[in-house]
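Peer 1: one predicted model, sequence on top.
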Amino acid sequence: MNAKTLEIAAAARPAAPLTAAALGFVGHGLVRPECVLASAAGDLFTADWRGGVAHLRPDGHQALYAGPGPDGLALKPNGIALLRDGSFLLAHLGDDAGGVFRLQRDGQVAPWLQRVDGVDLPPTNFVTEDAAGSFWVTVSTRLKPRALGYRRSCNDGFIVRVDARGAAIAADGLGYTNEVAVHPSGQWLYVNETFARRLSRFALRANGSLGAKEVVTEFGPGTFPDGLAFDEEGHAWVVSIVSNRLIRVAPDGRQTLWLEEADAAHLAWVEAAYDAGTMGRSHLDGAPTKALRNISSIAFAGPDRRTAVLGCLLGDRLATLPLPVAGIAPTHWSFV
């Protein structure tokens, strides 16, 4: 499947990739729950294209926090971040414009980040806070429409760092920038480059700046890395859209395919379009799979953080999967 063999130490490795039969599900009536967060209290939060964040409580009840943006803007949250005061940051994946907005639970919305280095933010993919209190924001491509970035040649994505000094582009020239995460060591910022098909990282310097990009691993046919999270052993868990793959990546780049639900004919059609440089929205939105509806993100949930919860692009609920290793506690883990 890949330039680097899918392998891992034998401990806890599945004999074969798990299938949909291993899954559970939570939630109902969600609208494009692309990004999912989990907390120590058992709450799940997910982006929702009804204009905000859906809250899945441990008792099974759900709430929707949503409201219009400035001038009646219909928000399209992609990545979300939970803040200490219970509000959220939303990365707005608009048709023509982006930015990051702050959403209160009563539905009030205010701009949080609209311009960087003197330029309005294009459609914005992801936002997250690290343990040092810095925020990382990603823009996948400057191309319009964004589907023009669904190419191997895409190289105009970037990462923004926001801290007490303000906002600045910290890394540029990326192959469709998607989720980012700080390694448990605190020494690296990892990033998925979706249509360049690679997981990369940057040395994270003490002053918050980034070193030169290093490629951790490259993915092969059918894998388009989107979501990203780390476990307590320092391995990255990468979620692939289109093929519904969950891949564990060791620190040296070795890969283990953990979960997959894909339609061979659909993948062949997507690969042909990708190779021809004609891939578009229909290739992402037309996946015929039944259980995993184009998975896009991962959160480690449960009291021991050994339950994977998977966000998705096309479903109205979240898939869950038991894992043999705990995920690291994210910055927001104790927030309520």
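Peer 2: Perfect, I can see it now. Nothing here was measured: the structure is a model prediction, and the numbers come from that model.

Peer 1: what does stretch 51-64 rub up against?
Peer 2: Residues from elsewhere that reach stretch 51-64, judged by Cβ atoms under 8 Å, 6 or more residues apart in numbering: 26-30, 33, 41-48, 50, 65-68, 74-75, 77, 80, 88, 90, 103, 107, 318. The C-beta positions use only the backbone N, C-alpha and C, and glycine is treated the same way.

Peer 1: so which bits of the lengthiest helix in the chain are buried?
Peer 2: Looking only at the chain and at elements set by DSSP state H, the helix with the highest residue count is helix 264-276. Of all the residues in helix 264-276, those buried under the rule 16 or more other Cβ atoms under 10 Å are His266, Leu267, Val270, Glu271, Tyr274.

Peer 1: now those residues in JSON lines, with pLDDT and distance to Thr128?
Peer 2: Formatted as JSON lines, these follow (pLDDT from 0 to 100; distance: Cβ to Cβ, whole Å):
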{"residue": "His266", "pLDDT": "96", "distance to Thr128": "31"}
{"residue": "Leu267", "pLDDT": "96", "distance to Thr128": "29"}
{"residue": "Val270", "pLDDT": "97", "distance to Thr128": "28"}
{"residue": "Glu271", "pLDDT": "97", "distance to Thr128": "30"}
{"residue": "Tyr274", "pLDDT": "98", "distance to Thr128": "28"}
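
Peer 1: would you map the strands across the stretch 101-250 of the chain?
Peer 2: All strands of the stretch 101-250 of the chain, identified by DSSP state E, counting those that start in this stretch, fall at 109-113, 115-116, 119-120, 126-129, 135-139, 157-163, 166-174, 177-182, 188-193, 198-204, 210-218, 224-230, 236-241, 245-249.

Peer 1: out of the ones you listed, the one nearest Ser297 is which?
Peer 2: Ser297 lies closest to strand 224-230 among those, at 3.5 Å (Cβ to Cβ).

Peer 1: in its sheet, what does that closest one sit against?
Peer 2: Strands flanking strand 224-230 in the sheet, each with its direction: strand 236-241 (antiparallel) (DSSP bridges).

Peer 1: how far is the partner strand from where the chain is centred?
Peer 2: Relative to the mean C-alpha coordinate of its chain, strand 236-241 is positioned 8 Å out (Cα atoms, centre = their mean, to the nearest Å).

Peer 1: now swap in stretch 80-99 and tell me
Peer 2: 13 Å.

Peer 1: measure that stretch end to end?
Peer 2: End-to-end distance for stretch 80-99, by Cα to Cα, to the nearest Å: 12 Å.

Peer 1: numbering from 6 from now on, please.
Peer 2: Shifting the count to begin at 6 puts that one at stretch 85-104.

Peer 1: follow-up on the earlier one: kindly reformat the strands of the stretch 106-255 of the chain as a markdown table containing mean neighbour count.
Peer 2: Shown next, in a markdown table, are the strands of the stretch 106-255 of the chain (neighbours: other Cβ atoms under 10 Å):
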| stretch | mean neighbour count |
| --- | --- |
| strand 114-118 | 18 |
| strand 120-121 | 16 |
| strand 124-125 | 10 |
| strand 131-134 | 26 |
| strand 140-144 | 25 |
| strand 162-168 | 21 |
| strand 171-179 | 17 |
| strand 182-187 | 26 |
| strand 193-198 | 25 |
| strand 203-209 | 20 |
| strand 215-223 | 15 |
| strand 229-235 | 25 |
| strand 241-246 | 26 |
| strand 250-254 | 25 |
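
Peer 1: residues in contact with the longest helix of the chain?
Peer 2: The contact list for helix 269-281, computed with Cβ under 8 Å, 6+ apart, reads 155-157, 200, 226-227, 247-248, 284-285, 288, 291-293.

Peer 1: next one: stretch 76-87
Peer 2: By Cβ under 8 Å, 6+ apart, the residues outside stretch 76-87 that reach it are 39-40, 42, 44, 50-54, 56-58, 71, 73-74, 93-99, 106, 108, 114, 129-134, 140, 143, 184, 337, 340.

Peer 1: and the gap between the residue nearest the centre of the chain and Trp117?
Peer 2: The centroid of the chain falls nearest to Gly232 when counting by Cα atoms, centre = their mean (3.2 Å). Counting by Cβ to Cβ, to the nearest Å, the separation of Gly232 from Trp117 is 22 Å.

Peer 1: repeat that for Val36.
Peer 2: For Val36, the distance to Trp117 (Cβ to Cβ) stands at 22 Å.

Peer 1: repeat for Ser139
Peer 2: Following Cβ to Cβ, the distance that separates Ser139 from Trp117 is 14 Å.

Peer 1: could you pull out the helices for this structure?
Peer 2: 269-281, 286-290.

Peer 1: which one of the ones you listed lies nearest to Leu318?
Peer 2: Of all these, it is helix 286-290 that lies closest to Leu318, at 6.8 Å by Cβ to Cβ.

Peer 1: that concludes my questions; thank you for your assistance.
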